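Peer 1: just a sequence and a predicted model for now, questions to come.
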Amino acid sequence: MNIVFVASEAVPFAKTGGLADVAGALPRAVAELGHEAALFIPCYRKVWDHAHELIGTGLSIQVPVGAATVRGHVFESRIPNSDVPVYLIDQPRYFDREGFYGHLGHDFDDNCERFVFFQRAMLEACSALGLRPDVFHCNDWQTGLIPIYLKTLYADVPGLSGAGTLFTIHNLAYQGLFWHWDVPLTGLPWDLFTQQGVEFHGKLSFLKAGLVYADVLSTVSPTYAREIQTQRQGAGLDGLLRERRADLRGIVNGIDVDSWSPSRETMLAERYDLDTVETGKAACKAWLQGHAGLPVRPEVPLFAQIGRLDPQKGWDLLAEVADRLLQEDVQLIVLGTGHPKYHDLLQSLAARYPDKVWAYLGFSDELAHQIEAGADVFLMPSLFEPCGLNQLYSLAHGTVPVVHATGGLVDTVVDLTPATLADGTATGFVFGEPSSSSLWGALARVLDAWRDRETWAKLVRAGMSADWSWDSSARKYVEIYREIARRKRPEPATRDQEPSRLR
Ligand code: ADP
């Protein structure tokens, strides 16, 4: 099979969150299963900052964007440790900026135009490069128009006409909503701007376009696939998702074990595996405490959080329990950026508990690895979580996660109970309700378990023993690609078949 992945970010080129981790790893895993894979992302300023080896393809493309024609260039690189080509769509006016989607908390005003350009440039480049994919694997709203383009404006383009589409939802909360006067920018006819099409409460929705027109839909855990079909978590799209439930799959993300294994990470004070976890993790913890300016004390449980400082991640619950937790003999390290009110919260906690709290309010990939290795407990009380990667990174590092029973968190962490402790499956702490009392209940259980060294060692070892590599998830994606390709095979026409413009 020949699969073209399209995403708005991918490690190591450009990353704001988990989507980048997936887009940088899944194409390689699919290629390792014997398929052809290629990846398209925008060529942001950050890509140049990191001086990845980029080679000009010499390909210049003319892309219609509204009434204008915008020229783009295509650079080529490789996903590290693989032969998977990465094609970077370059147009400085759109992508040579600080930030990928916005700056200083504000979305760019021209995001519709930027990502119309990206998607159409990708299709033009794909055709010009002769890639001939069986399936376009599209990810999140920035790629949501591709399925409809393939069924309309690009339906007869050589090399593209036989391709099917998979649209993966990494987070339903981000929808790519634009005012209706942006419709002409897309080049799509107004008659698609309907409730059955790309219109969502009077606006143009890129995400909805993907959900309506892709051949198959997926999201990043089975539980989230069910949750988004409910009114509570469907972000207004649950009705549509219920209509398409026969085409909706849930596949848990894997982790890139080359990058996220404590036995391989070069930035750690000491590398470790299951045999050396006790001494190795102790060395990483001591390094982290020292780096953070906290007392270097092996006996104190070190709690950590890494991620976007956003209400989604349960920061309001954490704010409510923070003082109570910090009355205990604990330490807390946070790495993140986001909402100013959480920056204020963390700065205030660090000022009030200087011997217990350290917050690094920025983005640092290196520090993220060092925290995963050095911490004892990872806090992930997300209100909703499509998959979540940090709890998987934590498990791989013997850092015990505390998670809310939602989405991918409940699919990947096994709560500590007498039964799961006895059968060796317990890997963390799961709490049921998104309330501070429920979270506190879990934290109290953490503190109890921490005091029982045998129980703690069992949790650590069970987490580290699980296999979260991409292999099994990549096989599930390949099954979907095959199904899409089967569906695309031309059926013999029957007399009473309705000619359809879109399907
Ligand atoms: P989401 O995609 O919703 O942000 P995930 O848990 O799926 O959440 O993935 C977040 C990814 O982004 C992880 O790889 C995490 O380590 C990384 N990350 C988030 N914030 C930061 C930060 N401030 N510094 C370094 N890495 C970060």
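Peer 2: All right, it came through fine.
Peer 1: contact partners of the helix or strand containing Phe429?
Peer 2: Per DSSP states H and E, Phe429 falls inside strand 429-431. When contacts are defined by CB atoms under 8 Å, 6 or more residues apart in numbering, strand 429-431 is touched by residues 381, 400-405, 409-410, 413-416, 438-439, 441-442, 445-446, 449. Placement of C-beta: from N, CA and C, glycine included.
Peer 1: Val334 in helix, strand or coil?
Peer 2: Following DSSP: H, G, I helix; E, B strand; the rest coil, we place Val334 in the strand state.
Peer 1: I should have written Pro386 there, sorry.
Peer 2: Pro386 - assigned by three-state DSSP - is coil.
Peer 1: from now on call the first residue 40
Peer 2: Okay, residue one is now 40; in that scheme the one you just asked about reads as Pro425.
Peer 1: my read is that it contacts Asn210, right?
Peer 2: Yes - assessed by CB atoms under 8 Å, Pro425 is found in contact with Asn210 at 5.3 Å.
Peer 1: neighbour count for the two, which is higher?
Peer 2: Taking other CB atoms under 10 Å, Pro425 and Asn210 do not tie; Pro425 has more neighbours (28 against 22).
Peer 1: and the gap between that one and Leu448?
Peer 2: Distance check for Pro425 against Leu448: by CB to CB, to the nearest Å, it reads 10 Å.
Peer 1: so for stretch 155-164, mean pLDDT?
Peer 2: The average pLDDT within stretch 155-164 is 98.
Peer 1: go on, stretch 469-481?
Peer 2: 98.
Peer 1: end to end on it, go ahead and measure it.
Peer 2: The first residue of stretch 469-481 is 7 Å away from its last residue (CA to CA, to the nearest Å).
Peer 1: ok, back up a step: and the contacts of strand 468-470, which are buried?
Peer 2: Burial by neighbour count, 16 or more other CB atoms under 10 Å: within the contacts of strand 468-470 this picks out 420, 439-444, 448-449, 452-455, 478, 481, 484-485, 488.
Peer 1: let's see which of those end up in helices.
Peer 2: Counting by DSSP state H, the members of the buried ones among the contacts of strand 468-470 that fall within helices are Leu448, Val449, Leu478, Ala481, Arg484, Val485, Ala488.
Peer 1: I'd like to know how many residues surround the residue lying closest to the second one once chain neighbours are set aside.
Peer 2: Distance criterion CB to CB, 6 or more residues apart in numbering; nearest residue to Val449, sequence neighbours excluded, is Thr262 at 5.5 Å. The local packing count at Thr262 equals 21, with neighbours defined by other CB under 10 Å.
Peer 1: next, see if the helix or strand hosting Thr262 gets close to the ligand.
Peer 2: Assigned by DSSP H and E, Thr262 belongs to helix 261-266. No - Helix 261-266 does not reach the ligand (CB under 6 Å from any ligand atom); its nearest approach is 11.3 Å.
Peer 1: helix or strand with the lowest mean pLDDT in the protein?
Peer 2: One helix or strand of the chain scores below all others by mean pLDDT, DSSP states H and E: helix 84-88, with a mean of 89.
Peer 1: for it, which positions count as buried?
Peer 2: Lys85, Val86, Trp87.
Peer 1: again with stretch 392-412
Peer 2: Buried residues in stretch 392-412 (16+ other CB under 10 Å): 392, 395-399, 406-412.
Peer 1: ok, which of the residues you listed also contact the ligand?
Peer 2: Okay, of the buried residues of stretch 392-412 touching the ligand (CB under 6 Å from any ligand atom), that's Ala407.
Peer 1: alpha carbons only: can I get the helix holding Thr262 in PDB?
Peer 2: The C-alpha trace of helix 261-266 is given here as PDB (Å, rounded to 0.1, in the frame of the first residue of the first chain):
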ATOM      1  CA  PRO A 261     -11.600   3.300  21.700                       C
ATOM      2  CA  THR A 262     -13.100   5.200  24.700                       C
ATOM      3  CA  TYR A 263     -12.800   8.600  23.100                       C
ATOM      4  CA  ALA A 264     -14.400   7.100  19.900                       C
ATOM      5  CA  ARG A 265     -17.400   6.300  22.100                       C
ATOM      6  CA  GLU A 266     -17.300   9.600  24.100                       C
END
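Peer 1: so what secondary structure elements neighbour it?
Peer 2: strand 287-289, helix 446-451 (3 or more CB pairs under 8 Å, 6 or more residues apart in numbering; DSSP states H and E).
Peer 1: residue in this protein nearest to the ligand?
Peer 2: The nearest approach of the chain to the ligand comes at Gly57, 2.4 Å away (CB to the nearest ligand atom).
Peer 1: mind listing what that residue touches?
Peer 2: Neighbours of Gly57 in contact, by CB under 8 Å, 6+ apart: His209, Asn292, Cys426, Gly427, Leu428.
Peer 1: where's the second one relative to Val316, distance?
Peer 2: Read it as Asn292. With CB to CB as the criterion, Asn292 and Val316 are 24 Å apart.
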